[in-house]
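Trainee: What would the 3D arrangement of this be:
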Amino acid sequence: MAALIATTRYVTQFLQRTAARSMSTLPFDNFGNLRYDDNQMRATLDAKSYAAYKDAIRTGTALDEVHADKLADAVQKWATDRGAVNFSHVFYPLRGMKSGQKKDAFIDLDFSDSKPIKDIVWDFSGSKFMMAETDGSSFPNGGLRQTHTAAAYMATDRTSPPYILGDTLYIPAALVSYEGHALDHKTGLLRSQEAVSAQGTRLLHHLGFDEVTNVHANVGCEQEVFMIPRDLVVDRPDLLQTGRTVIGSLPPKGQQLSDHYFTKVNPRVNDVFVELQKALWECGISDVVYHNEVAPSQHELSPIFTLTNVAADQNILLSELMQEIALKHGFIALTHEKPFQGINGSGKHCNWGLNANWRNMNLYSPGKTAESQRAFIAFTSALMHAFHKYPEALRAAVATAGNDHRLGADEAPPAIFSVFLGHTLGAHMENIVKGGPLEGYTGGRYGDRIIDSRTKALGPIAGSREDRNRTAPIPFCGNRFEFRAVGSEQNISLPMTVLNTAVADGCSAISDLVESGVPVDDAVRTVIKENMNIVFNGNGYSKEWHQEAEFERGLPNLKDTPTAWNEFTSDKTKSLFAKHNVFSDEEVEALRRINLQRYSDDIEIEAGVMVDMINQGVLSAAAEDLKTYEGTKLGGKRSEVYSTLAEATEALKAARDAWPEGDEFELAQYAAGTIRPLMEETREAHDVAEGLINKDLYPYPTYTDMLFPHQQDI
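Mentor: Model (predicted):
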């Protein structure tokens, strides 16, 4: 009877949800309704002001006051017609995925009269739309700002459309210091997009594509996340303060049955994704996929690719909306790279590519003509140059305390960077090095390899030319490259900034050879030959590859965040960014300091939470558990196990209390070399103890509690 009642309740709720959706407007009918994109601008702004605005973007000049005010009027009317009463520049300080915003109402004093107490009027000017000022010293800045030199400016990103959430118009913006330094994720990314556009266009002209005037860097990022019931997360101090469980033993069942990947999404979680998709679509974000991932309670959602700066803005908005909507449904969305030890962590695979503005040419799709195939090979060689010449900068761009748990852990790419081309493309590259033609490779995403299904019901299957390699940091995927090393809780801007810049340098290397008199095909051939060492088409998880990569090929193996970020300020890296006008030497140094400081802060917080959870909860539960066995011989090794945990915790506490003085690198080294090993020892001792403590005495929700029961709810 209970099963029948439960089934009836599920069917009723399912029908109610379906009926509600069928009677309402289809979500796609409202796609982009809350985004002030180019279509909205054309519909609301006069032609002269529209043309002036586009010309200002093209030339990098200021929009004159008259046209700026007309634009602000159009934006304000559009926004207020949709319920907005406030506006906010939304910017992205160097602190992960947390945006910056300050709401101002669409009102001001009426300065047109001379009354001492002026009237309040509805107001929004071009100057308010284009910029605002804030305190740059209160955000991570690596010494670029101080309390007595604090000015910073939020400047509107004129290529990323504003949008409405609730009663507020949000205007994507950069954060730039009084001295013009980047204090955010966006500014460097915008500079890198211009760099790869300039060098990509230059190279395409040498390849005969004279019609091209711009090259656009695009990315679609796959956001992985764990959905865990809120009432359990709030009882876990580690999840609340660090985003991951610093203690916790894996239950007998983890992910070894492969029974979560691509299974049906649990109804409660599915309701989150249905509402989230609708909200994202209204904001113009093309959330096109969501599904269950490998680990229990792990999921993924991803949009279609767009410009890298717009994709970065949208990924932060996606994360913020996901957190908000998940809470409405009783969940907390965990985006940390490793919330749970022993099962897969989360990444943010960035599907990156380049498109030219002539015939929408995808530069990482070989196409069917000799001309497009030559361009594909040239730009692939530029990417090989990027990863071979600047692996340290690319590795640092994905180095965080959280991502250190993923990279090289047999669930994500290794910390040694290589490029996967696939065996057919790899062989084609080797033939080019031997003197063969650039053209001839025709592999695309689908249809270039016919697979015999051996059943009439299916017929032939049109597969891709190359296999899929999940162990590669950046594999070729038929029409793009997938930067798989990016962490799930990272702002994608810095990885994309470094990638854009390094590929721009690869394009420049080819063009430099051509302009020195080398025929273009030979120039491409030279760059391929110089960088074939970075190509690896095998198992990136294998010990043999690590041995070969580090000791035979000489590829850097930067195993942790402090090591990676300490390499970021090399003369080579500084020269790269200076050459392409992306970062000054001061900005490079600031990025190093900020990220090393963040690493040591993260580890110090994690260590403190671990000590508190054990001292304030676990040890008292262990003591109570011991009493249960007094006068018997049934306690086994409990006393010894619990004593080991107490000693390990005390050693960790002493090391944390003794945190030394020093510069950012010295503190990060202490965190990595002293604190993390002690945390691992303490965790190991705890997880053994957890397996012995009476479950009714253990003070925190366990892995079993958090990962499984809600999957049986509706």
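Trainee: Next, the distance between the ends of stretch 440-454.
Mentor: With Cα to Cα, to the nearest Å as the measure, the ends of stretch 440-454 fall 30 Å from one another.
Trainee: now do stretch 445-455
Mentor: Using Cα to Cα, the end-to-end distance of stretch 445-455 comes to 23 Å.
Trainee: next one: stretch 383-396
Mentor: 17 Å.
Trainee: Quick check: chain neighbours aside, which residue is closest to residue 131?
Mentor: residue 155 (5.1 Å; Cβ to Cβ, 6 or more residues apart in numbering). In short, each C-beta sits where N, CA and C put it, glycine included.
Trainee: Hmm, that neighbour is touching residue 129, no?
Mentor: No: applying Cβ atoms under 8 Å as the test, residue 155 and residue 129 come out as separate, 10.9 Å apart.
Trainee: Just give the strands next to whichever strand or helix holds the residue nearest to residue 131 in its sheet, each with its orientation.
Mentor: Applying DSSP states H and E as the criterion places residue 155 in strand 151-156. According to DSSP bridges, strand 151-156 forms sheet pairs with strand 131-135 (antiparallel), strand 168-177 (antiparallel).
Trainee: May I have the predicted confidence score for the closest residue to residue 349 other than its chain neighbours?
Mentor: In space, and not counting its chain neighbours, residue 349 is closest to residue 222: 4.5 Å by Cβ to Cβ, 6+ apart. Model confidence at residue 222, given as pLDDT, is 97.
Trainee: same question, residue 149
Mentor: For residue 149, pLDDT reads 93.
Trainee: so what's it bridging to?
Mentor: For residue 149, the beta-bridge partners under DSSP bridges are residue 146.
Trainee: May I see the buried residues of whichever helix or strand residue 72 is part of?
Mentor: Assigned by DSSP H and E, residue 72 belongs to helix 65-80. Buried positions in helix 65-80, judged by neighbour count with 16 or more other Cβ atoms under 10 Å: 67-76, 78-80.
Trainee: Using TSV, lay out these together with distance to residue 432.
Mentor: Formatted as TSV, these follow (distance: Cβ to Cβ, whole Å):
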residue	distance to residue 432
67	50
68	51
69	56
70	54
71	50
72	54
73	57
74	52
75	51
76	56
78	52
79	54
80	59
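Trainee: Going by distance to residue 97, which of those wins?
Mentor: Taking Cβ to Cβ as the measure, residue 79 is the one of the buried residues of helix 65-80 closest to residue 97, at 25.1 Å.
Trainee: pLDDT value on that closest one, please?
Mentor: Reported pLDDT for residue 79: 98.
Trainee: surely it meets residue 164?
Mentor: Yes: using Cβ under 8 Å, residue 79 is in contact with residue 164, at 5.8 Å.
Trainee: Against which helices or strands is the helix or strand that residue 611 is a member of packed?
Mentor: Assigned by DSSP H and E, residue 611 falls within helix 585-613. If you count contacts as 3 or more Cβ pairs under 8 Å, 6 or more residues apart in numbering; DSSP states H and E, helix 585-613 packs onto helix 237-242, helix 561-566, helix 571-579, helix 638-657, helix 664-670, helix 676-690.
Trainee: Out of those helices, which is the most enclosed?
Mentor: Ranked by mean neighbour count, those are led by helix 561-566 with a mean of 25 (mean count of other Cβ atoms under 10 Å).
Trainee: List the contacts of that helix.
Mentor: Contacts to helix 561-566, defined as Cβ atoms under 8 Å, 6 or more residues apart in numbering, come from residues 392, 395-396, 399-401, 403-404, 415, 558, 592, 595-596, 599, 665, 668-669, 671-672.
Trainee: Apply the buried test to the residues you listed and list what passes.
Mentor: Here, 16+ other Cβ under 10 Å leaves 392, 395-396, 399-401, 403-404, 415, 558, 592, 595-596, 599, 665, 668-669, 671-672 buried among the contacts of helix 561-566.
Trainee: need the longest strand for this structure.
Mentor: Scanning the chain for the longest strand, with DSSP state E as the assignment, gives strand 215-229.
Trainee: Following element in sequence after it, please.
Mentor: Next helix or strand after strand 215-229 toward the C-terminus (DSSP H and E): helix 230-233.
Trainee: Now that next one: buried residues?
Mentor: Within helix 230-233, the residues scored as buried using 16+ other Cβ under 10 Å are 232-233.
Trainee: and it, C-alpha only, in PDB?
Mentor: Output of helix 230-233 as PDB, limited to C-alpha atoms (Å, rounded to 0.1, in the frame of the first residue of the first chain):
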ATOM      1  CA  ARG A 230      20.600  22.100   2.300                       C
ATOM      2  CA  ASP A 231      19.600  20.700   5.700                       C
ATOM      3  CA  LEU A 232      22.600  18.400   5.600                       C
ATOM      4  CA  VAL A 233      25.100  20.900   4.300                       C
END
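Trainee: Packing partners of it?
Mentor: Packed next to helix 230-233, using 3+ Cβ pairs under 8 Å, 6+ apart, are strand 331-334, helix 703-707.
Trainee: wait, which of those is closest to residue 249?
Mentor: Closest to residue 249 of those is helix 703-707 (Cβ to Cβ; 6.7 Å).
Trainee: Where does pLDDT dip in this protein?
Mentor: Across the chain, the ranges flagged by pLDDT under 70 are 1-25, 410.
Trainee: quick one: which helix or strand includes the residue lying farthest from the centre of the chain?
Mentor: Centroid-distance maximum for the chain: residue 631 at 55.8 Å, with Cα atoms, centre = their mean. Assigning secondary structure by DSSP H and E places residue 631 outside every helix and strand.
Trainee: Now do stretch 116-125: distance to the chain's middle.
Mentor: Offset of stretch 116-125 from its chain centre (Cα atoms, centre = their mean, to the nearest Å): 42 Å.
Trainee: Quick one: end-to-end length of it, please.
Mentor: Stretch 116-125 end-to-end distance (Cα to Cα) = 22 Å.
Trainee: and it, which residues are buried?
Mentor: residue 124.
Trainee: So that it lines up with my notes, have the first residue be 23 from now on.
Mentor: That works, and once the first residue is 23, the last one we named lands at stretch 138-147.
Trainee: Quick one: residues in contact with it.
Mentor: The contact list for stretch 138-147 (Cβ under 8 Å, 6+ apart) reads 90-91, 94-95, 97-98, 109, 128-133, 135.
Trainee: which of the strands paired with strand 173-178 is buried the deepest?
Mentor: Buried most deeply of the strands paired with strand 173-178, by mean count of other Cβ under 10 Å, is strand 190-199, with a mean of 25.
Trainee: the inter-axis angle of that strand versus helix 87-102?
Mentor: Counting by axes from the mean of the first three to the mean of the last three Cα atoms, to 10 degrees, strand 190-199 points 140 degrees away from the direction of helix 87-102.
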